[in-house]
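Colleague: need a structure here:
(chains A and B)
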Amino acid sequence: MNETSNDRAIIAQGLTKKFGEFTAVNGIDFEVRRGEIFGFLGPNGSGKTTTIRMMLGLLKPTEGTVEVLGVPVLEHPERIRNRVGYMSQRFSLYNDLTVRQNLTFYGKVYGLANAELEERIQMALVMAGLQEHDHSKTRELSGGWRQRLALSAAILHRPELIFLDEPTAGVDPVSRRAFWDLLYDLIAEGVTVFVTTHYMDEAEHCHRLAFIQRGNIIARGSPRSIKESMMRGQVLEIAPSDAERAIKVLRTAQESGELALQGVELYGSLIHVTVEDVQASEAAIRKELGEANIDSGTITVVEPSLEDVFIASMR
Amino acid sequence: MFRRIWALAVKEFYHLRYDWWMPAFMLFGGALELILVGWATSRPMTNLPLMVLDEDQSPASRQVITSLENTGTFTLEALVFDETPIREAMVQGSIYAAVIIPPDFSEKMASANQVPILAVLLNGAESTPATAALRAVEGLAREMGQEIAVKRLGIDADEFAGFDFSVRTWYNESFSEAYYTTPAELALMLEFTVLLFAALAFSRERELGTLEQLLVMPLTSFEIIIGKSIPVVLVGFFDFSLMLSMVHFVFKVPIRGSLPLLLLLALGYLFVELAKGMAISVFSRSQHQAFLLVMILGFVDFMFTGYAAPVESMPKFLQGVAQFIPAQHWLAILRGIMLKGANLQVLWPNLLALLILGLVIGAVSLRYVRRALS
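Modeller: Numbers count the residues shown, from 1 in each chain, chains lettered A, B, ... in the order given. Got it, this is the predicted structure:
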């Protein structure tokens, strides 16, 4: 058993958590390989945070087992603490302390001292871009900086595996991109990353994913394999003159059976429809919108995004 | 291990420095209350309004009235001729006491073996001034009784040195109430300070979301509790020493027993309240909840320390409950060492009780720190 589990960072089997009558996590199985970015995707309340808590040893599962870095977490949670890092959903640094005081605290608790501690603090400051601001109070930093700081604190002690729970929530897109660049740098150093998110575009950055909904894993694999296996049909992108009215028209037509559409979703001022037969559908859609006096604009076939796949799988 | 604990303690000190107004408020608020209570209870009572109903109208009765005024405790409000004005004044609360001199007073005074009687009516709704009034009248009666006894016995007044009364007030000859109240205030202040800080220790972290991170770090539950306790203990002990000096030097309450022993036991008691505060914070969902729980428990303890009313006069069941209140034992130790010069031989049952209570409460906190997260 041990030879194969060396290249697995996490092995979860039948992991279940019930809170009274409510089942938050329902017997899930998954594996995370070393050195990869593994994404857990799902809406709020689907069981992502509960699963992370169980993997960290903060919560005891009702049933099932989980092994992290070869350690059975149920029996010996304390053995992984020095080897993993955690960035929680809520900002977990102290607002009333300065950047340096926070990093010093983290470092000392994880057993870093003197020259090594100072070296790692410098690394963290550089990584977060806060070299000039190490004596600023954390509460003075804005969203993007805080996230980078929290990440650098989480890896201060050079963990082999890090858990990130919705790390980019509430952060602007530019900072989000920068954050993911940092994650790729970490991967290059051999760190394994387990990240949860509900941003579908971020899911595209992961090596492998699992979709979780209401405590169940409904899809798993690489982004490509998920798209291939789950997508039935193709996605048409429509750029109508009046997207709001258009979507109502199309949905009514879908429900009445007039149009054979698998999915109709609004993307800002664009509409994505999932169809089996591209050509027939395109014509039918133009006709339907035309009858409602809407100009269909351009209709093109696009690569399905994970969001398309995810929503299609929700039905 | 010590390095981790120290890193946590340093962090807690940063929090304390940032929220410096809280320990400052506790210290100065406590000191202020101590001063007010001590001052209020150490002042002698004077100028209490008194009504006298003189049914005797004799030189003897007039002498009683003059003597009453001379005690300095009373101001003669009115000399009345029946009970009605007295009743009205009592109801209104405009007098605290009334003295009724019966018609046969001077007769009995002059006789060889009859007992003269003075009737004293007290306004029980205001027991503190009423008690002072009673004491003044009793004092007067004692003096007069002495004079009568001397006369009746035929002893020359100049030669008589005075009776030695068997009623003495031990440990508090000056009967200063401050001796009773200020140690109690001191004990309660210590309890509140420590409880509050300890209770906020965890609930603040949970509220901020940082508790989860603490539990993921290589810190054991024991280390977390110790690390968070260190600033609380230091602040609490500093507060206590400061207020003890105040009680001793300003209100002249003596420290008749061993001071090092007192300080050592104070530290021990501090740890017990610390454990209690930690238990509160582990079970509270927010800082507000923790604060309210501290207030409630503080007031319950206030009742049981015998500050307002003696524990012995409570129903047996409640007296039993009182044994489980750490503050009760601490107050006994505090009063014992300060006022009675007691040592461990006398105080060991209280010390033992504190130790047991402390260990039990501490064990509970330790066990539930991690479970409290979910």
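Colleague: ok, whichever residue of the stretch 201-315 of chain A sits closest to chain B to residue A:310 distance?
Modeller: Taking Cβ to the nearest Cβ, chain B has its nearest neighbour within the stretch 201-315 of chain A at residue A:215, 16.3 Å off. The C-beta positions use only the backbone N, C-alpha and C, and glycine is treated the same way. Separation of residue A:215 from residue A:310 (Cβ to Cβ, to the nearest Å): 16 Å.
Colleague: try residue A:71
Modeller: Per Cβ to Cβ, residue A:71 is found 32 Å from residue A:310.
Colleague: out of these two, which sits in the busier spot?
Modeller: Counted by other Cβ atoms under 10 Å in any protein chain shown, residue A:71 and residue A:310 do not tie: residue A:310 has more neighbours, with 23 against 18.
Colleague: what are the buried residues along the helix or strand hosting that one?
Modeller: Secondary structure from DSSP states H and E places residue A:310 in helix A:306-314. Of all the residues in helix A:306-314, those buried under the rule 16 or more other Cβ atoms under 10 Å in any protein chain shown are A:306-310, A:312.
Colleague: save the residues you listed as JSON lines, and put in distance to residue B:213 too.
Modeller: Shown next, in JSON lines, are the buried residues of helix A:306-314 (distance: Cβ to Cβ, whole Å):
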{"residue": "A:306", "distance to residue B:213": "30"}
{"residue": "A:307", "distance to residue B:213": "31"}
{"residue": "A:308", "distance to residue B:213": "36"}
{"residue": "A:309", "distance to residue B:213": "34"}
{"residue": "A:310", "distance to residue B:213": "30"}
{"residue": "A:312", "distance to residue B:213": "37"}
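Colleague: quick one, phi/psi of residue B:218?
Modeller: Dihedral pair for residue B:218: phi -70, psi 50, per degrees, to the nearest 10.
Colleague: can you pull the residues of the stretch 101-250 of chain B lying near chain A?
Modeller: B:208-210, B:212-213, B:215-220 (Cβ under 8 Å from any Cβ of the partner chain).
Colleague: just the buried ones out of those, please.
Modeller: Buried subset of those (neighbour count, 16+ other Cβ under 10 Å): B:208, B:210, B:212-213, B:215-220.
Colleague: in helices, which of these fall?
Modeller: Residues of these located in helices (DSSP state H): B:208, B:210, B:212-213, B:215-216.
Colleague: can you lay out those as CSV showing pLDDT and distance to residue B:137?
Modeller: Formatted as CSV, those follow (pLDDT from 0 to 100; distance: Cβ to Cβ, whole Å):
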residue, pLDDT, distance to residue B:137
B:208, 70, 62
B:210, 84, 64
B:212, 84, 68
B:213, 88, 69
B:215, 87, 67
B:216, 90, 72
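Colleague: check contacts around residue A:219.
Modeller: A:209-211, A:226, A:229-230, A:309, A:313 (Cβ atoms under 8 Å, 6 or more residues apart in numbering or on different chains).
Colleague: kindly give a single PyMOL line that selects the buried subset of those.
Modeller: This is the PyMOL syntax for the buried subset of the contacts of residue A:219, where burial follows 16+ other Cβ under 10 Å:
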select buried, chain A and resi 209+210+211+226+230+309
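Colleague: restricted to helices, list the contacts of residue A:219.
Modeller: A:226, A:229-230, A:309, A:313.
Colleague: can you list the residues that contact the helix holding residue A:310?
Modeller: Helix A:306-314 is contacted by residues A:41, A:200-201, A:203-204, A:209, A:211, A:213, A:218-219, A:223, A:226-227, A:230-232, A:235, A:262-263, A:265, A:272, A:274 when judged by Cβ under 8 Å, 6+ apart.
Colleague: how about stretch A:167-181?
Modeller: A:87, A:89, A:143-144, A:147-148, A:150-151, A:195, A:197, A:199, A:202, A:205.
Colleague: just the strands in the chain please.
Modeller: Unless you meant another one, I'm taking chain A. With DSSP state E, the ranges of strands along chain A come out as A:8-19, A:22-33, A:37-41, A:63-68, A:71-72, A:84-87, A:161-165, A:192-197, A:208-213, A:216-221, A:234-238, A:263-267, A:270-275, A:299-302.
Colleague: my question was about chain B
Modeller: If DSSP E is used as the criterion, the strands of chain B fall at B:48-54, B:74-80, B:97-101, B:119-122.
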